[in-house]
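Visitor: 3D model of this:
(4 chains, ligands or ions: 4)
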Amino acid sequence: MELRIDCALVADMRRLAREIANPIEDFIAAHGTVSVERAALRLLGVDGVGHGDVPLPNLVVERFGCERLGSGVVRPLGALVAETGRTPDDVAGAVGDGSLDVALADGVPETAARAALENYVARALARIDARRQERAALLGRLPQSPPPLLYVIVASGNIYEDRTAAIAAAEAGAQIIAVIRSTGQSLLDFVPYGATTEGFGGTYATQENFRIMREALDAVSERLGRYVMLTNYASGLCMPEIATMAALERLDMLLNDSMYGILFRDINMQRTFIDQHFSRMLNTRSGIIINTGEDNYLTTADAVEQASAVLASQFINEAFAHGAGMPDEQIGLGDAYEIDPSLENGFLFAVAQAQLARQCFPAAPLKYMPPTKHMTGDVFKGHLIDAMFNLTSVMTKQTIHLCGMMTEGIHTPFLGDRALALENARYVMSTARHFGDEISFKEDGIVERRAAAVLRDAHALLERVAERGLMASIEAKTFADVSRTPEGGRGFEGVFERAPDYWNPFEEALMPLASAAP
Amino acid sequence: MELRIDCALVADMRRLAREIANPIEDFIAAHGTVSVERAALRLLGVDGVGHGDVPLPNLVVERFGCERLGSGVVRPLGALVAETGRTPDDVAGAVGDGSLDVALADGVPETAARAALENYVARALARIDARRQERAALLGRLPQSPPPLLYVIVASGNIYEDRTAAIAAAEAGAQIIAVIRSTGQSLLDFVPYGATTEGFGGTYATQENFRIMREALDAVSERLGRYVMLTNYASGLCMPEIATMAALERLDMLLNDSMYGILFRDINMQRTFIDQHFSRMLNTRSGIIINTGEDNYLTTADAVEQASAVLASQFINEAFAHGAGMPDEQIGLGDAYEIDPSLENGFLFAVAQAQLARQCFPAAPLKYMPPTKHMTGDVFKGHLIDAMFNLTSVMTKQTIHLCGMMTEGIHTPFLGDRALALENARYVMSTARHFGDEISFKEDGIVERRAAAVLRDAHALLERVAERGLMASIEAKTFADVSRTPEGGRGFEGVFERAPDYWNPFEEALMPLASAAP
Amino acid sequence: MSTYVKPYGDTKDDGKVQLSFTLPLEWSEAADEAARQLVAKMGFSDVAVAEGRRIAHGFSFFVVYASTPVAVDADSIVAPSAKAHAMSLDEIDAFVRERVGRNIRIAGACIGTDAHTVGIDAILNMKGYKGDYGLERYKEFVTFNLGSQISVEALVDFAKDNRIDALLASQVVTQKGSDVTNFTALAELLEAEGIRDDVILIAGGPRMTNLLATELGYDAGFGRGTVPSDVAAFVATRMAERIARM
Amino acid sequence: MSTYVKPYGDTKDDGKVQLSFTLPLEWSEAADEAARQLVAKMGFSDVAVAEGRRIAHGFSFFVVYASTPVAVDADSIVAPSAKAHAMSLDEIDAFVRERVGRNIRIAGACIGTDAHTVGIDAILNMKGYKGDYGLERYKEFVTFNLGSQISVEALVDFAKDNRIDALLASQVVTQKGSDVTNFTALAELLEAEGIRDDVILIAGGPRMTNLLATELGYDAGFGRGTVPSDVAAFVATRMAERIARM
Ligand code: B12
Ligand code: B12
Ligand SMILES: Cc1ncc(COP(=O)(O)O)c(C=O)c1O
Ligand SMILES: Cc1ncc(COP(=O)(O)O)c(C=O)c1O
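Guide: Ligands and ions are numbered 1, 2, ... in the order given. Predicted coordinates for the structure are as follows:
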């Protein structure tokens, strides 16, 4: 079911996206953020909460960071580890509660500080690698059903109800479970701690919640004889820390977009670019597939008009992912079936867009999001729109398939809603399993003309952005019709210029991968 | 979306079907049935019920028919009209209640008897033609939406609730309303009289019920600015009479199959062949589109296996319709989406079959029946199966589209079920309106191979039937796995050999059309 | 012990239920409110009218989500399935040879005016259903399939004339309670003829449950999804019990 | 007069309703029976469990059709729509010029933690919704769109500082009753600040009804399908009434 598309144009879009990413990557290389520092601390084993329930990584960054954030917080920590002979976690606790004088670090020689952490760094990387191997072994022993991989969310706001729901969903055919986090967590500049039983429209992403879910899903995977994946959000002000927690708890995927936070959460753009780069290096190492957020262009504006923005964003996301060393196999680029159900031939448009993505990114595990915006209280109609989405997905060989819920317009999914949604996907994808292989499109018909138009517009968009620069383009409302300034938005105060002696051992360790990138 | 099919094979199937029909048509020409006689009486204006609520046409046939049925009942009636100067209806009433001595007819000369009826015959034909012109004018002034024409059933068992339901359905988008008749009416050897408010799974087909519905639909057609069609069943022991009533009350379509009654209602085959021939001549004149019943092969046996039986039957139905002078535009050949929803690629099989019919019968208003057999109590799943059916229909350009009900596995449709079913069809057919035009099938892929296999098997089937003869083939379980004998089944007692002086003025009048057939 | 269960939305005991219905009212905000009040009056709380819309002149359709305060004690519900005895065709034949010692004579029909033979055929015909062979295939059964629209009288006469051990009656049409009426008539006629205890009496159809069948005085009832071996196993076991009791 | 209406299946007053729900029970015939008893206990009659099936370990899903004996008196239900005054943009502008005699100052926001701005934007933004221009396009309105996650306090302060005539609050998230909580807090704060009567207070969101809004002390409420001119007409008319009363 190949569309005849202009391959030269596609190649040029890839070139333009790289051109767009280059100056941002230079900027990233010269800057740091508090959240990357906190992620490094977590990797070194710093965990738990201190006074006032503030997470230790935050307390440590606050203490160390007041003067010399530009050099990073790892060196002073290492110095104290060298000085005291205690573990980084211990040291952090003591720094956090003020029982250890941070000034002690000052005299410790660079080499001693580095040496003191060597083992901890190695252990962190080994743990990540072990998790990755664990996953590979499980996938080998408990193979998944072939894609589209059916993905559902759980969102009760209570991790234990979510666990019940996740197990039930897996049994009903789900292959990926996303635990939705509470509204607004992305705007918190810390990661909550422990198991949580509250939240709006989801509960918090915490390391303990990750562990609870992973354990439950591992058990159900064994029972079902197929590995069930777990995903959450590496997004918002704590993006790199969540990527860390996910690496340690063997999540399999993470929502992670290079611009989503900027555009849709008004998070500072510098912060976001830096954070996503580190997160992606880490995700690359942990073998976590990222899911980008192009669907968000479609839920807030007209899906027919925004089609080219989606494609352009996919190329940008790909460029940044490549820049972080990520192979195509881990880049789950997003799209969504958000076309107005009352539009004549809307299905043809959706097929055109989905197939276009499939052909532009042949090796990417494309993520296809369900209808949400046009879902109303009419659950019967909603179920049908989801069916057409399911059909589009199987026809165009999408990889990660978020199942639409007939109750999308009403409430976060009930246990029964999920079962019906999975049944919908399974039925449509089976009855039309090889339909996509069977057909080809009329030359220059509605579908091909639509694909060509989207391609052309997206190319033009990338050209404009390349010319103006990404930051300036975002300021000029190029994406999602919002303007964000380089110094505006949340979390800007957490961005710093790197001092010449900035040191982050994990960045060092992960970098080679990045330079080996395509 | 053309399939590459073997056109020579198709042409040969048409030849075989004609070969099959020929001897049956010879047989028909030499025989008559009580129901054709009753139909002729009705056309002459004989209506109402006599003693014991027996319809006058039945009473008259009984009286006249005891000795000389072979000559038909119209001549003696004409004789009495000539003799008494009263109307046929009057005469019939008097014959029915015994107040007029039928022996009076004996002395009347042939020419007088014929002459006495000339006006009545002309008036009947004029009324039919007027109804036909009425329809044409209405369709011109109140054009229908383009096909697939959405067709729903009403089946409350009470004509007044059915009327409410029909009006509501028309407003919700229905273009054709079928009033389902009560279980077992097809086995009654008379047509009930008057408005009826009872019945199982439908209420009776009576002329008054036809009138009530036509009036209601005419009103709603005016209100909506589009003509809403009405249909019922010219099937069972009273097939020709129902065709008569439908012609007089301006129904637009009729279920009418050349073999359905034989196979699925155990009605005598001679009776059925003769009745369908007369019914179709009449339907041809009244411009009524017939709907054949191939779907029945699929509801009682495996749909994948029965596919060739469906196609073979379509050719046979076409041949008989042509034999009755019917143009392609009135031959609504049947098929159904009855493939097991759990069959992988079942949708591809259904598309292959529907498209095959479309290409074999390019000018026929194909009738596509919804999933019924595999519909369960899971209305949500059922709604999806209906959606795939709706998609197949719009892709393959079916003409008459029976909307599937999500509650098919549970109860005869509720008013709300119908609204949801219409919404389903409207949504799917709009969002994928031109999808069929956009695609072509892989050469020798699953779809084409399936179509070729069905074609080949159907051809072989027709060859066997042509060789053995249709009646003998039916006896040998060739169709629907049932055996029927030429003298077996219901209504055989109503078949007679025509005497050399058999006379039916309507047959005479309708015949020229038949001989002018393609 | 008792285990009260309530509908489960996304949290234990939230009592969430989805409803849909049509009201004979022209749509308006007041019609939505009428729907809300109606569902509240049924005893539901947290009534949310998710969808309300005109579907025709004078009719509106509603989708409602609400919470029910009602719970049932799952432990107190006894609805033993007639399908308890899972055995294969060969096992059943062997069982009959050993424990019954003779052929079992079985007759089945669609009774009343019902002409839906697919279900009873699925149970009786050689080829069976869902890969499970029909009763005709069993060596130790002698099977008669009387077909459709068989009057209760005809079926009872047949049973008497043919020394039938097990009578299988099917009803697919349930409109206006016609299934219960016909099933009851059959049971009553067997009683009246004094042969009720001579046959194993079985009811089947898409709306049949074993519970309902026993309430109607049948030995067992089989609903949707029944396969022939379910029925065969039941008949064989019940026959063996009878033989043992004699 | 009173007109009692009941759900309509295929016959007047048959009371037919479709229900679906999940029970925390492993599927069995007894689970079907539990579903049947549950629905019967809710007060329905003719309960038919059309579908019952296992959806996961310990959970079953049911589709049920049943008849309710409950009816509501449609005539007694008063739920006046706030959309009563249909006027076009030009008509409304003219109306304001004539009957209000000055600009109307309008402020809108998603209150509380709600970030679903699409709905309020649809009402306020120039481009509007479903081909109906937003309030910003009206010549006689001065419109402020405060955006998302605006605390009740911030909104009230803004109203005071900017001499706002009409306050538009949106709530899309309704989980755990958060919409009602936030709407109530806004109304109460305006009362506490003594400026409730100075503003036309309007609530909106997909679950909002005019009835609910008035119960919460608002002037009007607008739900799904609202177009900007509905709101514009209401504000203009209500302002004119106020001016007339002064
Ligand atoms: C096929 C079909 C027909 C065919 C039947 C052909 C035939 N030879 O059987 C035809 C076209 C003739 C037909 C006609 C009619 N039908 Co019909 N039909 C159906 C349909 C689509 C499928 C039924 C079926 O075959 N199911 C498959 C079998 C395998 O399932 P089953 O019957 O449930 O059987 C299983 C179990 O129940 C059990 N079982 C059944 N019987 C027995 C008996 C025993 C002893 C045991 C142990 C087990 C057992 O085992 C079987 C295997 O698991 C249903 C809709 C549906 N999806 O259910 C409507 C349906 C049953 N029909 C319906 C109606 C109304 C009619 C008509 C009245 C329509 C009309 N006005 O003419 C007529 C009535 C004819 C008559 N006199 O009975 C309604 C019944 C409504 C109701 N609840 O009362 C239905 C539900 C459709 C609808 N929604 O309106 N129908
Ligand atoms: C788009 C969307 C989002 C976007 C919002 C982007 C944006 N800038 O608005 C994003 C992705 C950010 C989002 C996030 C979330 N969402 Co959201 N989202 C939706 C979605 C798909 C569409 C909403 C929408 O835009 N509708 C279109 C508009 C035009 O309709 P409307 O809002 O009803 O507005 C109309 C009327 O109501 C009225 N109106 C509305 N407000 C006002 C105000 C006034 C004064 C007036 C007069 C009229 C009026 O006029 C409008 C035009 O007719 C819905 C599902 C759905 N189909 O409804 C879920 C939905 C609303 N979201 C939901 C949830 C749970 C969330 C999150 C909590 C998820 C999470 N865990 O992160 C977060 C919460 C963010 C937050 N803090 O609020 C749930 C809410 C469940 C509930 N009932 O409480 C829903 C129903 C999805 C679901 N089934 O779970 N979401
Ligand atoms: C890329 C991405 N990140 C995160 C989120 C979740 O939102 P939040 O950042 O509010 O947690 C989304 C939701 O759509 C998303 O697409
Ligand atoms: C051709 C045809 N006639 C008639 C009927 C209706 O059945 P009956 O003959 O029992 O009225 C059908 C139903 O499927 C049919 O297909």
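Visitor: what parts of chain C come near chain A?
Guide: C:8-12, C:16, C:18, C:20, C:48-53, C:63, C:65 (C-beta under 8 Å from any C-beta of the partner chain). Quick note: C-beta positions are derived from backbone N, CA and C, even for glycine.
Visitor: and which of the residues you listed is nearest residue B:249?
Guide: residue C:53 (34.0 Å; C-beta to C-beta).
Visitor: bridged to the closest one, which residues?
Guide: residue C:61 (DSSP bridges).
Visitor: which ones among the residues of chain C next to chain A map onto strands?
Guide: Residues of these located in strands (DSSP state E): C:16, C:18, C:20, C:48, C:49, C:50, C:51, C:52, C:53, C:63, C:65.
Visitor: ranking the residues you listed by neighbours, who comes first?
Guide: Sorting those by how many neighbours each has (other C-beta atoms under 10 Å in any protein chain shown) puts residue C:63 first, at 27 neighbours.
Visitor: what about it, distance to residue B:219?
Guide: 31 Å (C-beta to C-beta, to the nearest Å).
Visitor: surely residue A:193 and residue A:48 touch.
Guide: Yes - counting by C-beta atoms under 8 Å, residue A:193 does reach residue A:48; the two are 6.9 Å apart.
Visitor: more neighbours, those two?
Guide: Legend: neighbour count by other C-beta under 10 Å for residue A:193 and residue A:48, higher for residue A:193 (18 against 14).
Visitor: which non-adjacent residue is nearest the more buried one?
Guide: Sequence neighbours aside, residue A:49 is the residue nearest to residue A:193 in space, at 4.8 Å (criterion: C-beta to C-beta, 6 or more residues apart in numbering or on different chains).
Visitor: domains for chain A, by residue range?
Guide: A:44-123, A:142-449 (automatic domain parsing).
Visitor: ok, of the residues of chain C next to chain A, which one's closest to residue B:124?
Guide: residue C:53 (46.9 Å).
Visitor: what is the nearest of the ones in strands among the residues of chain C next to chain A to residue A:287?
Guide: Looking across these and measuring by C-beta to C-beta, the closest to residue A:287 is residue C:16, at 38.5 Å.
Visitor: mind listing the strands for chain C?
Guide: C:4-5, C:16-23, C:45-56, C:59-67, C:72-73, C:104-110, C:141-145, C:166-170, C:200-204, C:220-222.
Visitor: about what we covered before: overlap in contacts, residue A:193 and residue A:48.
Guide: residue A:55 (C-beta atoms under 8 Å, 6 or more residues apart in numbering or on different chains).
Visitor: what's the biggest helix in chain C, counting residues?
Guide: With DSSP state H setting the assignment, residue counts place helix C:228-245 as the longest helix in chain C.
Visitor: tell me which element residue A:60 is part of?
Guide: helix A:56-68 (DSSP states H and E).
Visitor: right, and ligand 3 sits closest to which residue of chain C?
Guide: As assessed by C-beta to the nearest ligand atom, ligand 3 sits closest to residue C:10 within chain C, at 19.1 Å.
Visitor: wait, doesn't that residue sit right on residue A:161?
Guide: Yes - Residue C:10 is within contact range of residue A:161, at 6.3 Å (criterion: C-beta under 8 Å).
Visitor: and the two? Which one has more around it.
Guide: residue C:10 (24 against 20).
Visitor: residues contacting the more buried one?
Guide: Residues in contact with residue C:10 (C-beta under 8 Å, 6+ apart) are A:155, A:156, A:161, A:165, A:411, A:412, A:413, A:414, A:415, C:16.
Visitor: let me see the domain layout of chain C.
Guide: Taken from automatic domain parsing, chain C resolves into C:4-72, C:89-245.
Visitor: which of these sits closest to residue B:59?
Guide: Evaluated with C-beta to C-beta, the domains of chain C place domain C:89-245 nearest to residue B:59, the distance being 26.3 Å.
Visitor: is any residue of the closest one near ligand 4?
Guide: No - residues of domain C:89-245 contacting ligand 4 under C-beta under 6 Å from any ligand atom: none, with a closest distance of 7.9 Å.
Visitor: that domain close to chain B?
Guide: Yes - interface with chain B: domain C:89-245 contributes C:113, C:115, C:117, C:118, C:173, C:174, C:175, C:176, C:178, C:206, C:224 (C-beta under 8 Å from any C-beta).
Visitor: that domain near chain D anywhere?
Guide: Yes - with C-beta under 8 Å from any C-beta as the measure, domain C:89-245 is seen reaching chain D through C:174, C:207, C:209, C:210, C:211, C:223.
Visitor: any idea how far that domain is from the chain center?
Guide: Centre-to-centre, domain C:89-245 and its host chain are 13 Å apart (C-alpha atoms, centre = their mean, to the nearest Å).
Visitor: for stretch C:12-22, same thing?
Guide: Relative to its parent chain, stretch C:12-22 has a centroid offset of 25 Å by C-alpha atoms, centre = their mean.
Visitor: low-confidence ranges in chain A?
Guide: In the predicted model of chain A, residues A:512-518 satisfy pLDDT under 70.
Visitor: what does chain C give?
Guide: The low-confidence ranges in chain C, as defined by pLDDT under 70, are C:1.
Visitor: distance check, the spatially most central residue of it against residue C:125.
Guide: The geometric centre of chain C, computed from its C-alpha atoms, lies nearest to residue C:208 (C-alpha atoms, centre = their mean), at 1.2 Å. Counting by C-beta to C-beta, the separation of residue C:208 from residue C:125 is 19 Å.
Visitor: neighbours of residue A:286, how many?
Guide: 24.
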